[in-house]
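Engineer: The following block contains a protein sequence and its predicted model.
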Amino acid sequence: MIRELDFSAAINEALRQEMKRDESVIVFGEDVGFFGGLFKCTDSLQKEFGKKRVRDTPISEGAIIGAAVGAALGGLRPVAELQFIDFVGCNGAMDQIFNQMAKMRYMFGGSLKVPVVVRTPCGSRYPVAAGAAHHSQSLEAWFTHVPGLKVVMPSTPYDAKGLLVAAIRDDDPVLFIEHKLLYYIRRMPSLREKYSSITCHVPEEEYVIPFGKADVKKEGQDATVIATMMMVHKALSAANQLTKEGINIEIIDPRTLVPLDKRTIINSVKKTGRAIVVSEDCKTGGVAAEIASVVIEEAFDYLDAPIKRVSGLDVPIPYSPVLEAVAIPQEHNIIEAIRETVGK
Amino acid sequence: MSDDFERLSKKTLVDLYTKMLKIRKFEEKTAELFAKGFIPGLVHLYIGEEAVAVGVCANLRNEDYVVSTHRGHGHSIAKGGDLKRMFAELLGKKTGYSKGRGGSMHMVIPEIGVMCSSGIVGAGIPIATGLGLAIDVKQTDQVVACFFGDGASNTGTFHEGINMAAAWKLPVIFVCENNLYAISVPFKEVTLGNNVADRAVAYGIPGVVVDGMDVIMVHKAVQQAVRRSREGEGPTLIECKTYRFRGHYEGDPKKGGTYRSEAEMLDWEKKCPITNFKAKLIQKGFLTENKAEEITQKCIKEIEEAVEFAMESQYPSPDEILDNLFE
């Protein structure tokens, strides 16, 4: 029988195994100890590893990230949880990320390293729960703009475990971004049925997924879709529908935005001649803009059609489900974009 | 000036004096090099505040940590930094502590525990808390000395960092160098309470106000705080009332005299931590004029050699631009 874990359990297992393997790994953040985290990713870790290594913090985002930086300078491998990515602007947390953590190795001439992992949930939970403007954003593009940070965005429980292990063992700071809807997949049959591509198979043994290696989720020759996190599954769902019409789409999940596996993306576009980039963050200055630029710079001569971006609207995430559904990309938006690109 | 000399050995007293003088001479040379155009970037000098860094660091062991600031040369020298590599960094040379990547504000010396210095006011405070956390998890008896200014005391990270360190009883000595001005803005105009250290009550930790121009008083206060931290009793907030004798940065018109009165500046210069301590040491028989002159000459020689090293050092090569960004 295939061993299945949901997304948060896979993260929990990575943390537990790494904490067992290496006593310099510690975990702290808001509600991560006794309560096990709002999304249960740190469930029972405090019970197993004690209050010194798994700590509940005050609501002090600046001090959470700052203390992670300091603890890393002091020889530990902290995994700090930022309860929602929306809180990254709170209380100096972002300063600690982009001015301190990201720059220290470079600005100190390589004399120090900062092996911090900041785990943080992002994205809309539509149709499960309306988080509205302060609990639903996708801010990953902000971090890709800061030299010195690695940005990781898993789309399956399997990837979440292997990439988190890699993040903890990495000697550089890593933003580990978890899409909230993925937490619910295994628990909610309706979602699981809809996004059947999200396999929950997670082996018990330790494994590492190296950064900078994209995953080709589906091969095809008519167009390349590059998608991240939850959008990988929406794109797969869209592609399955188009297969019935004889349109075969190749789908690539970069898995890490920094470093970005440009080679796999470029080679795919050279093969298909068409590219659609799907990401949930706001369109302007977003992830899709960057990936599209990479394709234009390196594979322009191979393109048979303009690149299309399917991204979040440039709007705060609204509360009403009717509006929230429109604010973020849905399967029909992806299908439309693919149809326009392939001209069918 | 304190008369509380008895508990310190003659050697310690002379060392305190020598370290302060070394900082002063280093900073005077830095001002000179800046004026001559040899330093390509910003420098914030420590002249006037030497008693704080020296009084604090004299209580630290090599493996204890220091979190420094944008006005950090004094902290590094007090902890035992090599003047050659410091000058080289100020000049942007490859032999500098940060290989010319950091400059004045971003110099760390991990081998002697100087782990952080930042151009962002207040940012070092939670980082010091994190170093304390590492000590707590590893269960060593190290301590962290976290320097910051009165300006930083009004940032949010001051509250977050000290509260967290207090709640977890972490071994951090928070040292506020209150030089009365956040660049041009007087502390008392933007803060109603008189003392930063009074806030310690709210965090449930000891708060101490000391004369930051008196190295003996700083030393004494920090000694108690370090003992407390090593014994696992948590942090202390020490506020050193001090004054910078130059501007906020080199180039600040009239050495900061556009926003500070001449009378005030002269008044504080009379409190010079080095001149007064020297007089006291001579008066008490711990030092002679001859010995003092010998110390000065030795200090000047060390600085001249360091400058020569820095001047002769190579600049980084442009093809190193991306080195050390990642592992």
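Structural biologist: Now that the structure is in, tell me what you want to look at. Numbering: from 1, shown residues only, chains lettered A, B, ... in the order given.
Engineer: in the least confident helix or strand in chain A by mean pLDDT, what's buried?
Structural biologist: Within chain A, no helix or strand scores below helix A:189-194, which has a mean of 85 by mean pLDDT, DSSP states H and E. Using 16 or more other Cβ atoms under 10 Å in any protein chain shown as the test for burial, helix A:189-194 gives A:191, A:194. Just so you know, the C-beta spots here come from the backbone N, C-alpha and C atoms, and that holds for glycine as well.
Engineer: Off-centre distance for it?
Structural biologist: Chain-centre distance of helix A:189-194: 21 Å, with Cα atoms, centre = their mean, to the nearest Å.
Engineer: Just want the residue of chain B that's nearest chain A.
Structural biologist: residue B:130 (2.1 Å; Cβ to the nearest Cβ).
Engineer: In terms of secondary structure, what does whichever helix or strand comes after the least confident helix or strand of chain A contact?
Structural biologist: Using DSSP states H and E, the helix or strand that directly follows helix A:189-194 along the chain is strand A:215-218. Strand A:215-218 is packed against helix A:230-243, strand A:249-253, with contacts defined by 3 or more Cβ pairs under 8 Å, 6 or more residues apart in numbering or on different chains; DSSP states H and E.
Engineer: so what's the backbone phi/psi at residue B:94?
Structural biologist: Residue B:94 has phi and psi values of phi -70, psi -30 when expressed as degrees, to the nearest 10.
Engineer: wait, it sits on residue B:310?
Structural biologist: No: contact criterion Cβ atoms under 8 Å: residue B:94 and residue B:310 do not qualify, at 10.7 Å.
Engineer: Between the two, point out the one with more neighbours.
Structural biologist: Comparing residue B:94 with residue B:310 by neighbour count (other Cβ atoms under 10 Å in any protein chain shown), the higher total belongs to residue B:310, at 24 against 16.
Engineer: OK, contacts around the more buried one?
Structural biologist: Residues in contact with residue B:310 (Cβ atoms under 8 Å, 6 or more residues apart in numbering or on different chains) are B:84, B:87, B:88, B:90, B:91, B:93, B:95, B:96.
Engineer: run the last query once more with 10 Å
Structural biologist: Contacts for residue B:310 (Cβ atoms under 10 Å, 6 or more residues apart in numbering or on different chains) come out as B:33, B:38-39, B:83-93, B:95-96.
Engineer: again with residue B:205
Structural biologist: Going by Cβ under 10 Å, 6+ apart, the list of residues near residue B:205 reads B:162-163, B:165-166, B:169, B:172, B:174, B:199, B:225, B:228, B:233-237.
Engineer: From those, list just the buried residues.
Structural biologist: Neighbour-count burial (16+ other Cβ under 10 Å) applied to these gives B:162-163, B:165-166, B:169, B:172, B:174, B:199, B:225, B:228, B:234-237.
Engineer: Out of those, flag the one nearest to residue B:274.
Structural biologist: residue B:225 (23.7 Å; Cβ to Cβ).
Engineer: is it true that the residue of chain B closest to chain A lies in a helix?
Structural biologist: Yes: Residue B:130 sits within a helix when classified using DSSP: H, G, I helix; E, B strand; the rest coil.
Engineer: Could you count how many residues lie near residue 81?
Structural biologist: Chain wasn't specified; assuming chain A. Count around residue A:81 with other Cβ under 10 Å applied: 26.
Engineer: Chain B, not that one
Structural biologist: 24.
Engineer: That one reaches residue B:97, doesn't it?
Structural biologist: Yes: Residue B:81 lies in contact with residue B:97 (Cβ atoms under 10 Å); the separation is 7.5 Å.
Engineer: Please enumerate the shared neighbours of the two.
Structural biologist: Taking Cβ under 10 Å, 6+ apart as the contact rule, residue B:81 and residue B:97 both touch B:89, B:107, B:108, B:109, B:114.
Engineer: Next, the buried residues of stretch A:54-61.
Structural biologist: Applying 16+ other Cβ under 10 Å to stretch A:54-61 flags A:54, A:55, A:56, A:57, A:60, A:61 as buried.
Engineer: Kindly export that stretch (C-alpha atoms) in PDB.
Structural biologist: C-alpha atoms of stretch A:54-61 as PDB (Å, rounded to 0.1, in the frame of the first residue of the first chain):
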ATOM      1  CA  VAL A  54      10.600  24.200  19.900                       C
ATOM      2  CA  ARG A  55       9.400  27.600  21.200                       C
ATOM      3  CA  ASP A  56       6.300  29.600  21.200                       C
ATOM      4  CA  THR A  57       7.200  33.200  20.500                       C
ATOM      5  CA  PRO A  58       5.400  36.400  21.300                       C
ATOM      6  CA  ILE A  59       3.700  38.200  18.400                       C
ATOM      7  CA  SER A  60       7.000  39.800  17.400                       C
ATOM      8  CA  GLU A  61       7.700  39.100  13.700                       C
END
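Engineer: Switch the shared contacts of residue B:81 and residue B:97 over to CSV; also include pLDDT and neighbour count.
Structural biologist: Shown next, in CSV, are the shared contacts of residue B:81 and residue B:97 (pLDDT from 0 to 100; neighbours: other Cβ atoms under 10 Å in any protein chain shown):
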residue, pLDDT, neighbour count
B:89, 98, 28
B:107, 94, 26
B:108, 97, 27
B:109, 98, 23
B:114, 98, 24
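Engineer: Distance to chain A and secondary structure for those - can I get that in a markdown table?
Structural biologist: What follows is the shared contacts of residue B:81 and residue B:97, written out as a markdown table (distance: Cβ to the nearest Cβ, whole Å; DSSP: H, G, I helix; E, B strand; the rest coil):
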| residue | distance to chain A | secondary structure |
| --- | --- | --- |
| B:89 | 8 | helix |
| B:107 | 8 | coil |
| B:108 | 5 | coil |
| B:109 | 8 | strand |
| B:114 | 10 | strand |
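Engineer: Between all of those residues, which two are separated the most?
Structural biologist: The widest separation within the shared contacts of residue B:81 and residue B:97 (Cβ to Cβ) is 12.1 Å, between B:89 and B:114.
Engineer: what touches both of the two?
Structural biologist: B:76, B:81, B:97, B:107.
Engineer: Could I get the full set of helices for the chain?
Structural biologist: I'll assume chain A. A:7-21, A:45-49, A:61-73, A:93-95, A:104-107, A:140-144, A:157-169, A:180-184, A:189-194, A:230-243, A:262-272, A:287-299, A:321-327, A:331-342 (DSSP state H).
Engineer: Correction: the question concerned chain B.
Structural biologist: Remark: helices assigned in chain B by DSSP H are B:10-35, B:50-57, B:73-79, B:83-90, B:124-138, B:156-167, B:187-190, B:200-203, B:215-230, B:262-269, B:273-283, B:289-312.
Engineer: so the second one versus helix B:215-230, what angle?
Structural biologist: Okay, so that is helix B:50-57. Helix B:50-57 and helix B:215-230 are oriented at 30 degrees to each other (axes from the mean of the first three to the mean of the last three Cα atoms, to 10 degrees).
Engineer: The fourth one now?
Structural biologist: Here the directions of helix B:83-90 and helix B:215-230 differ by 90 degrees (the same axes, to 10 degrees).
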